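Peer 1: Sharing a model that was predicted from the sequence below.
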Amino acid sequence: MQQALTANEPLASPIKNNWLSHSAKFWFFVTVFGQWIFASYVAIFYGGASLEGNFAGWNKVMPHGYIAGDTIGNIAVGTHLLFALVVLIGGPLQLIPQIRRLAPKFHRLNGRIYILTALILSVGGLFMVWSRGVAGGEMTKYSISINAILIMVFASLAVYFAIKRDIKTHRRWAIRLFIVMGGVWFFRIGLMLWLMIHQAPVGFDAKTFEGPFLTFLGFAQYLIPLALAQLYFNAFESQNHLYKISVSVVLTLLTLAMAGGIFAATMGMWLPRI
């Protein structure tokens, strides 16, 4: 996907960035492919249960997803799932330069929908976490809450710099927003990669879903991708060939690991429920 993560030409340095561009395209393609598999799972599993009127079926995957008698809470969860589909499908389209160039009106409209949906999802996520609880204990609440706050901050900054017509900075914040919006997805593929490697719940209790590894993953799900994005931005503007190649290699290796996590999550979590 041409320059999906380069934030387009304004970030380019005089030195060729072919290796970086190729590694970014690889990361973007694998990420979008994996997120759209996840979107299909959400639509078929949760959507199917809803169409059948079996809202209690949500609880097979999402603890406390449906609570009999809690109409407001159940609507909030259902809306959260619906909006998750909107961002999983529409988010990647914002980062494709061909769409920005050939369909600017669609880019602006889709961007407004994406930003608004991101804000609603972050507020809804906070409500769900602190009103209904979440598997994983108190630290999971904090990691999810920080993720939600980052979404709100990054969405606001992306809009602010778009209004100011600082396109280079706007695109960087849009990329960061795309990353934190994928926090739940990154958590799942990270967990499934870990389980595929160890063939056992190492570092956490499978019954309570608590443990040091899950605490680490709760924060790493967005902090590591954000750090990698910053390394990429720096490398793209750097004049140091070795630094560029090093970042490209790291990005490629982590993308391969991510692909392994997508495979494990698809075969172990999503495909069996589709």
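Peer 2: That came in fine, so what should we check first?
Peer 1: Kindly check the end-to-end length of stretch 234-248 for me.
Peer 2: 12 Å (CA to CA, to the nearest Å).
Peer 1: Of all the residues in that stretch, which ones are buried?
Peer 2: Buried positions in stretch 234-248, judged by neighbour count with 16 or more other CB atoms under 10 Å: 235-236, 238, 244, 247-248. All C-beta spots, glycine's among them, are computed from the backbone N, C-alpha and C.
Peer 1: Now F233: closest residue in space, sequence neighbours ignored.
Peer 2: Sequence neighbours aside, R172 is the residue nearest to F233 in space, at 6.3 Å (criterion: CB to CB, 6 or more residues apart in numbering).
Peer 1: about what we covered before: with the buried residues of stretch 234-248 in mind, which one is nearest to S122?
Peer 2: S122 has its nearest neighbour among these in F236, at 28.4 Å by CB to CB.
Peer 1: Going along the chain from the helix or strand hosting the closest one, find the next helix or strand for me.
Peer 2: Secondary structure assigned from DSSP states H and E places F236 in helix 212-237. Proceeding N to C from helix 212-237, the next assigned helix or strand is helix 241-265, under DSSP H and E.
Peer 1: Which strands and helices lie in contact with that following helix?
Peer 2: Under the contact criterion of 3 or more CB pairs under 8 Å, 6 or more residues apart in numbering; DSSP states H and E, helix 241-265 touches helix 18-51, helix 183-198, helix 212-237.
Peer 1: For the residue sitting nearest the centre point of the chain, list the residues it contacts.
Peer 2: With distances taken as CA atoms, centre = their mean, the chain has G182 as the residue nearest its mean C-alpha position (0.8 Å). Neighbouring residues of G182 by CB atoms under 8 Å, 6 or more residues apart in numbering: 31, 35, 91, 225.
Peer 1: Just among the residues you listed, which is most surrounded?
Peer 2: The most crowded member of the contacts of G182, judged by other CB atoms under 10 Å, is T31 (27 neighbours).
Peer 1: now it: how far from Q221?
Peer 2: With the distance defined as CB to CB, to the nearest Å, T31 ends up 13 Å from Q221.
Peer 1: R171 too?
Peer 2: If you measure R171 against Q221 using CB to CB, the figure is 23 Å.
Peer 1: now do A264
Peer 2: Shown here: A264 relative to Q221, a distance of 16 Å by CB to CB.
Peer 1: same question, G183
Peer 2: Plainly put, G183 is 5 Å away from Q221 if you go by CB to CB.
Peer 1: hey, what's in contact with both of those two?
Peer 2: N147.
Peer 1: Report the lowest-confidence entry in the contacts of G182.
Peer 2: Ranked by pLDDT, the contacts of G182 bottom out at G91 (87).
Peer 1: Grab the nearest non-local neighbour of it.
Peer 2: Using CB to CB, 6+ apart and skipping the chain neighbours, the partner closest in space to G91 is F178 (5.4 Å).
Peer 1: Could you say which helix or strand holds the one you found?
Peer 2: Taking DSSP H and E as the criterion, the element that holds F178 is helix 167-181.
Peer 1: and that helix, what does it pack onto?
Peer 2: Here helix 167-181 touches helix 71-93, helix 104-132, helix 138-163, helix 212-237, going by 3+ CB pairs under 8 Å, 6+ apart.
Peer 1: export stretch 167-177 as CSV, just CAs?
Peer 2: Provided in CSV are the C-alpha atoms of stretch 167-177 (Å, rounded to 0.1, in the frame of the first residue of the first chain):
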residue,chain,number,x,y,z
ILE,A,167,-1.1,18.3,6.9
LYS,A,168,2.3,16.7,7.9
THR,A,169,1.5,16.9,11.6
HIS,A,170,-2.2,16.0,11.0
ARG,A,171,-1.2,12.8,9.3
ARG,A,172,1.2,11.8,12.1
TRP,A,173,-1.5,12.2,14.7
ALA,A,174,-4.0,10.3,12.4
ILE,A,175,-1.5,7.4,12.3
ARG,A,176,-1.2,7.5,16.1
LEU,A,177,-4.9,7.5,16.4
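Peer 1: Fine by me, we can end here.
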